[in-house]
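Trainee: Build the 3D model from these lines:
(one chain, ligands or ions: 1)
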Amino acid sequence: MVLRLDSVGKRYSEDVWGVEDIDLELEAGIHGLLGPNGAGKSTLMRILTTVSKPTTGTVYWNGTDITESPTVVRNVLGYLPQDFGVYPDLTAREFLEYIAALRGLNRETATARIDELLALTDLQHVQDRALRTFSGGMRQRVGIAQALVNDPELLVVDEPTVGLDPETRVRVRNLLSSVAKDRVVLLSTHIVPDIEATSNNVALLADGELLTHTDPESLVEATAGNVYEYLAQREHLDEIRRQYQVSSTVQQANGVRVRVVATERPAPDAESVTPTLEDAYLDHIGHRGFE
Ligand SMILES: Nc1ncnc2c1ncn2[C@@H]1O[C@H](COP(=O)(O)OP(=O)(O)OP(=O)(O)O)[C@@H](O)[C@H]1O
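Mentor: Purely as a prediction, here's the structure:
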């Protein structure tokens, strides 16, 4: 199974392109789609889920053009949108039954599949409770369950951990990792640790352009030697932010310990440190945001 984008672009108006000239090939596994606000992630996801058509280029699912034959991808697609709305008065099971009916599953298959998904998402004990009583994390697990009802080969998940507490975030990430086998999963996010924890590959988008599509290790390697930590005075922080990509700051009694991405040693006592994916992301994208 392979999703291939060939010179895909989306033009919204005369000089506004949501994405431009994207070439990308996604095989089974989790692909993190990472980029700052306005990078083009939603635009790309709308095209891949056949909600919108590209202005230029073609998207192929296993070699078939999805603009010409959208059902080819719709039949194998699971989608968890960012603003995933539930029917508050339905119970979790009723909601999944409703989605299964929309997806054309017969009753017997639907019941078995829903039992399986309620177990997978650890929602069995609350399956008969109205969704309006669910916490954000529980609702997000219902969202993942509904996206998996048709056992999709292509799963598109938009910002699945936004607004969740750290423990629930880990749970949702683990759940995504556990369902990624034998599917193409596209995980859109601007939360770098989500990608770190789950993704085999990362596609970096900025200003509608694809900067790179590679494995996280290679991305981190490319930033090696460009990350430093040192103790700075609080009053110098604004200046440091203007000059470098600041990846973190830790307040200390005698100043602020800053971590920066820089091509040269930013201060005589700055210590070169091993980059993380967050540093690599800033290195690739950060300065573009300040242009
Ligand atoms: N319907 C639209 N009409 C006009 N311009 C649009 C439309 N949708 C998106 N854009 C523009 O296209 C660009 C990409 O937007 P998009 O929503 O795809 O980015 P994003 O990466 O999903 O951002 P975010 O993380 O904020 O959701 C932005 O410049 C945005 O203003």
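Trainee: CA atoms for contacts and neighbours, from now on please.
Mentor: Will do.
Trainee: Provide a list of residues in contact with the residue of the stretch 151-291 of the chain found nearest the ligand.
Mentor: Proximity to the ligand, evaluated over the stretch 151-291 of the chain using C-alpha to the nearest ligand atom, is greatest for residue 208 at 6.2 Å. Listed by C-alpha atoms under 8 Å, 6 or more residues apart in numbering, the contact set of residue 208 reads 17, 18, 19, 20, 38, 39, 40.
Trainee: tell me which parts of the protein are close to the ligand?
Mentor: 12, 17, 18, 36, 37, 38, 39, 40, 41, 42, 43 (C-alpha under 6 Å from any ligand atom).
Trainee: Inside helices: which ones of those residues?
Mentor: 41, 42, 43 (DSSP state H).
Trainee: gap between residue 59 and the ligand?
Mentor: If you measure residue 59 against the ligand using C-alpha to the nearest ligand atom, to the nearest Å, the figure is 17 Å.
Trainee: That residue bridge partners, please.
Mentor: residue 5 (DSSP bridges).
Trainee: same deal with residue 228?
Mentor: residue 260, residue 272.
Trainee: May I have the predicted confidence score for it?
Mentor: With respect to pLDDT, residue 228 scores 97.
Trainee: check contacts around it.
Mentor: Here residue 228 is in contact with 259, 260, 261, 262, 265, 266, 270, 271, 272, 273 (criterion: C-alpha under 8 Å, 6+ apart).
Trainee: what's the answer for residue 69, then?
Mentor: Contacts of residue 69 (C-alpha under 8 Å, 6+ apart): none.
Trainee: just residue 163 next, same as before
Mentor: Taking C-alpha under 8 Å, 6+ apart, one finds residue 136 in contact with residue 163.
Trainee: Mind jotting down where the helices sit in the stretch 101-250 of the chain?
Mentor: Remark: helices assigned in the stretch 101-250 of the chain by DSSP state H, counting those that start in this stretch are 107-120, 136-148, 166-178, 192-198, 216-221, 237-243.
Trainee: Please identify the most buried of those.
Mentor: Most buried of the helices of the stretch 101-250 of the chain, by mean neighbour count (mean count of other C-alpha atoms under 10 Å): helix 136-148, with a mean of 23.
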